[in-house]
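Novice: What follows is a predicted protein model with its sequence.
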Amino acid sequence: MDRRTFLKASTLFSVAGTLPSCATNPVTGENDLILLNEDEEAELGRSSHKQVMKAYNSYNNPELLNYVTELGEKLAEISHRNELIYHFTVLDSPQVNAFAIPGGYVYITRGMLAYLGSEAELCGVLGHELGHITARHGVKQYSKNQVTNILSIAVSILVGNRSVANLSQLATAAILRGYGREAELEADRVGAEYISKVGYDPDALKNVIGVLKNQEEFDKILAKEEDREPYAYHGVFATHPDNDKRLQEVISAAKKNINKVKLDENKKKFLDILEGVPFGPGEGQGSARGPNFYHTELDFTLKFPDGWKIENLPTSVLGTSKDRKTLIELTMRDLNRKISAKELIKRLYGESYTNGKEIKISEYKGYAADVDLNTTFGDYHKCRVAILYKNKKEAFQFIATTKDEDDFSRNLSKFDETIMSLRKLKDSEKELGQPKRINLYQVKKGDTFKSLSYKTSFSTHAENRLRVINNMFPSGEPIPGSIIKLVY
């Protein structure tokens with residue numbers, strides 16, 4: 001073996017770890033198939049963290065981050081791997097999610113926080129995610145998925161192509177998909193143990209799973225209406241936690257080790273810190289209120305048809321009919337040439353457009369036409385396209401269509417009405433473009449979730465949405481004097 005070949009072979013072991021071997025699991029004491037030693041696990045965590053933060057922004061709320069970090073570190077101190085330095089991040093995302101990656105990185109979204117009801121429940125989430133790290137679930141999953149990849153990495157390095165030998169690129173996607181039923185149950189067992197040892201009632205973890213299961217069950221109702229697949233949090237069981245025998249056994253076992261110094265669930269402290277946190281899209285992303293959409297930073301408002309669902313997506317605003325067979329999408333478009341909106345449509349879509357016309361709103365001028373485009377409903381699908389110049393450098397672009405082309409002409413007036421509703425904000429409307437936020441409310445005698453739903457900014461299913469975020473879905477009423485969460 002010459003020196004160059006030796007160096008390439010050495011690189012394989014430094015990047016991909018040694019050949020598959022067994023290591024003792026810190027939680028179970030059993031031998032697991034592990035590809036990475038602890039230093040390599042830490043490097044995988046650092047690299048994967050960078051990828052996570054490319055996909056998400058951290059939520060800028062120092063008080064909330066400090067609170068989460070202090071609670072997480074309290075649990076980490078009594079964990080099976082208390083020699084690690086743990087990193088806790090609150091993500092600025094409305095998704096209901098929490099996850100962990102190897103090396104001590106734990107994430108929770110503000111969307112998840114919105115559904116929790118106490119400090120004990122927050123610790124239940126953090127304890128569960130710490131359980132994934134201490135039991136090395138991420139490394140075990142990586143090892144199982146990548147045993148076959150080791151050979152391809154070796155070949156790539158030996159032929160001089162080292163670009164594919166990036167552990168984090170190979171691992172992060174697999175890690176974030178979740179760990180499977182058995183690993184999730186083990187993380188619940190470990191998390192329940194941790195929160196018990198510091199003094200919280202482990203039933204808090206069961207409450208968390210119940211909240212998430214309710215959120216999942218409610219989304220099944222929405223999904224049926226909207227003709228889509230329901231969303232599911234990666235750690236939720238197939239049944240409600242009250243009916244899950246194995247989970248009940250996990251919680252009961254943890255109660256035997258509860259700290260003699262019992263901690264309060266700290267519902268009020270948690271809710272006080274949570275108050276004011278955005279619910280749904282965050283700062284600078286605009287806000288849907290009823291059929292109207294408001295965007296303070298971009299200084300515009302738009303009215304969709306009554307009863308439509310408005311989705312505030314990262315790069316667009318999407319309005320869909322209740323049956324999801326009709327849609328109108330608005331995006332912002334950079335302008336690169338000093339040409340008219342009509343000429344821009346010609347350049348983008350060719351000369352074959354029909355039904356073209358100049359359009360003018362008080363602040364904006366543009367052009368609209370019918371164009372055949374490739375859409376989610378099919379190729380060469382008839383669409384209504386409109387471009388309105390906001391200023392010399394950017395424009396509003398609308399694309400509207402129907403699933404059944406026979407319905408297209410019947411919806412043309414609805415499309416044009418929505419497009420022509422675009423205008424600048426009035427001074428009195430600028431506050432409406434700010435995020436909806438969590439607000440605390442002390443329940444009064446006679447209050448019901450139905451009556452309180454009118455105080456919220458939910459445009460559809462307001463009563464059930466209020467029940468879900470307060471963990472009283474599908475039935476029950478708030479108790480007078482108690483504190484609940486409203487959203488407006």
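Specialist: Yep, it's here. Numbering: from 1, shown residues only.
Novice: Do you have the strands of the stretch 251-400 of the chain handy? List them.
Specialist: 287-289, 292-295, 300-303, 309-312, 317-320, 326-334, 354-360, 365-375, 378-389, 394-402 (DSSP state E, counting those that start in this stretch).
Novice: Tell me which of those strands lies nearest to residue 464.
Specialist: For residue 464, the closest of these is strand 309-312, at 14.8 Å, according to Cβ to Cβ. For the C-beta atoms, the positions are set from N, CA and C on the backbone; glycine is no exception.
Novice: So which other helices or strands are in contact with the closest one?
Specialist: Applying 3 or more Cβ pairs under 8 Å, 6 or more residues apart in numbering; DSSP states H and E, one finds that strand 309-312 contacts strand 287-289, strand 317-320.
Novice: in the chain, what spans have low per-residue confidence?
Specialist: By pLDDT under 70, the low-scoring segments of the chain are 1-22, 29, 31-33, 144-178, 233-238.
Novice: any idea how it splits into domains?
Specialist: Recorded structural domains for the chain (assignment: automatic domain parsing) are 3-274, 287-432, 436-487.
Novice: What is the end-to-end distance of the last one?
Specialist: The reference is to domain 436-487. 6 Å (Cα to Cα, to the nearest Å).
Novice: and that domain, how far from the chain's centre?
Specialist: Offset of domain 436-487 from its chain centre (Cα atoms, centre = their mean, to the nearest Å): 23 Å.
Novice: and the closest residue to residue 58 other than its chain neighbours, backbone torsions?
Specialist: Residue nearest to residue 58 in three dimensions, not counting chain neighbours: residue 89, with 5.6 Å by Cβ to Cβ, 6 or more residues apart in numbering. Phi and psi for residue 89, reported as degrees, to the nearest 10, are phi -130, psi 130.
Novice: can you count the residues close to residue 89?
Specialist: Applying other Cβ atoms under 10 Å, we find 19 residues neighbouring residue 89.
Novice: Equivalent analysis for residue 338, please.
Specialist: When neighbours are counted by other Cβ under 10 Å, residue 338 comes out with 7.
Novice: which ones are touching it?
Specialist: Contact analysis of residue 338 by Cβ atoms under 8 Å, 6 or more residues apart in numbering lists residue 392.
Novice: now swap in the one 3 residues further on and tell me
Specialist: Neighbour list for residue 341: 365, 366, 367, 387, 388, 389, 395 [criterion: Cβ under 8 Å, 6+ apart].
Novice: Tell me the bridge partners for the fifth one.
Specialist: Right, the one you point to is residue 388. In this entry, residue 388 is beta-bridged to residue 366, residue 396, by DSSP bridges.
Novice: still on that earlier bit, now the strands of the stretch 251-400 of the chain in JSON lines, please, with extra columns for mean neighbour count and distance to residue 56.
Specialist: Formatted as JSON lines, the strands of the stretch 251-400 of the chain follow (neighbours: other Cβ atoms under 10 Å; distance: least, Cβ to Cβ, whole Å):
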{"stretch": "strand 287-289", "mean neighbour count": "21", "distance to residue 56": "20"}
{"stretch": "strand 292-295", "mean neighbour count": "20", "distance to residue 56": "21"}
{"stretch": "strand 300-303", "mean neighbour count": "21", "distance to residue 56": "26"}
{"stretch": "strand 309-312", "mean neighbour count": "18", "distance to residue 56": "16"}
{"stretch": "strand 317-320", "mean neighbour count": "20", "distance to residue 56": "21"}
{"stretch": "strand 326-334", "mean neighbour count": "18", "distance to residue 56": "21"}
{"stretch": "strand 354-360", "mean neighbour count": "12", "distance to residue 56": "38"}
{"stretch": "strand 365-375", "mean neighbour count": "19", "distance to residue 56": "28"}
{"stretch": "strand 378-389", "mean neighbour count": "19", "distance to residue 56": "31"}
{"stretch": "strand 394-402", "mean neighbour count": "21", "distance to residue 56": "26"}
